[in-house]
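Undergrad: Coordinates for the following, if possible.
(chains A and B)
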Amino acid sequence: DQQVKQNSPSLSVQEGRISILNCDYTNSMFDYFLWYKKYPAEGPTFLISISSIKDKNEDGRFTVFLNKSAKHLSLHIVPSQPGDSAVYFCAAQSGGADGLTFGKGTHLIIQP
Amino acid sequence: DAGVIQSPRHEVTEMGQEVTLRCKPISGHDYLFWYRQTMMRGLELLIYFNNNVPIDDSGMPEDRFSAKMPNASFSTLKIQPSEPRDSAVYFCASSPGLEGDTQYFGPGTRLTVL
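TA: Residues are numbered from 1 along each chain as shown, chains lettered A, B, ... in the order given. Coordinates of the predicted model:
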């Protein structure tokens, strides 16, 4: 059973608009969440993270929101740029005892 | 820093053959992870090491898979014998610590077992 779910395999957004990528998790022990970005033929690269003691973390155009009661997090990218076209993975970690549990990813396509 | 280095980048082999994937982590990182990416299961953790010692290998699919880390700068993931269902992209990642520390991924090895 998947503990981290990204229910949208792909998302198409117009350049300049806001991109919102969603992620749900089932394990209440997860206390640290990350977003990774992946281009074809490359490894995932870290984008932004959030601890469970926070509900928002912002870094430039990227903001991650965490709703613990709903076990839901989202990544907002605003404004979206062509270079943002990539696969975005949501990942979670529990108590520092494990590696990362990843979702299956969402392919974001930014249209000109 | 060159980042995490993996070799080979691509490997094509026949069913039943032994396959060895290699990884050089970032110098100074105490943790090394092996992940596998498939269409069906996405990115899944296979095993991770702390200071060269395997900590959690619960993600290793079968006894055909084994991983070693003989020193701080080198790790291998071996599949023997390989099967077509092992075809995937295998990523190695390293991090300075575990909780809250960013994992840095290598470019991956695309394995095709015919």
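
Undergrad: can we go C-alpha only for contacts and neighbour counts from here?
TA: Noted.

Undergrad: Quick one: end-to-end distance for stretch B:51-58.
TA: 18 Å (C-alpha to C-alpha, to the nearest Å).

Undergrad: For chain B, which residues are neighbours of chain A?
TA: For chain B, the residues in contact with chain A (C-alpha under 8 Å from any C-alpha of the partner chain) are B:33, B:41-45, B:48, B:56, B:91, B:98-100, B:102-108.

Undergrad: Got the phi and psi for the spatially most central residue of chain B?
TA: Residue closest to the mean C-alpha point of chain B, counted by C-alpha atoms, centre = their mean, is residue B:34 at 3.2 Å. The phi/psi pair for residue B:34 (degrees, to the nearest 10) reads phi -120, psi 130.

Undergrad: Quick check: beta-bridge partners of it?
TA: Beta-bridge pairing for residue B:34 (DSSP bridges): residue B:47, residue B:92.

Undergrad: quick one: contacts for the closest residue to residue B:69 other than its chain neighbours?
TA: Nearest residue to residue B:69 in three dimensions, chain neighbours excluded: residue B:75, at 4.3 Å (C-alpha to C-alpha, 6 or more residues apart in numbering or on different chains). Taking C-alpha atoms under 8 Å, 6 or more residues apart in numbering or on different chains as the criterion, residue B:75 is in contact with B:22-24, B:67-69.

Undergrad: same thing but at 10 Å, please
TA: Each residue near residue B:75 by C-alpha atoms under 10 Å, 6 or more residues apart in numbering or on different chains is listed here: B:6, B:21-25, B:32-34, B:49, B:52, B:67-69, B:92.

Undergrad: of all these, which comes closest to chain A?
TA: residue B:33 (7.6 Å; C-alpha to the nearest C-alpha).

Undergrad: if I pick that closest one, what's in contact with it?
TA: Here residue B:33 is in contact with A:99-100, B:23, B:25, B:45-50, B:54, B:56, B:75, B:91-95, B:103-105 (C-alpha under 10 Å, 6+ apart).

Undergrad: What's the per-residue pLDDT of the closest residue to it other than its chain neighbours here?
TA: Setting aside the residues directly before and after it, residue B:33 is nearest to residue B:48 in space (C-alpha to C-alpha, 6+ apart), at 4.3 Å. With respect to pLDDT, residue B:48 has a value of 94.

Undergrad: Residue B:48 contacts residue B:66, correct?
TA: No. Residue B:48 lies out of contact with residue B:66 (C-alpha atoms under 10 Å); the separation is 11.7 Å.

Undergrad: Between these two, which is the more surrounded one?
TA: Applying other C-alpha atoms under 10 Å in any protein chain shown to residue B:48 and residue B:66 shows that residue B:48 carries more neighbours, namely 26 against 17.

Undergrad: before we move on, the earlier item: out of the residues of chain B next to chain A, which end up buried?
TA: B:33, B:43-45, B:48, B:56, B:91, B:98-100, B:102-108 (16 or more other C-alpha atoms under 10 Å in any protein chain shown).

Undergrad: what about chain B, any weak spots by pLDDT?
TA: The model of chain B has pLDDT under 70 over residues B:1, B:100.
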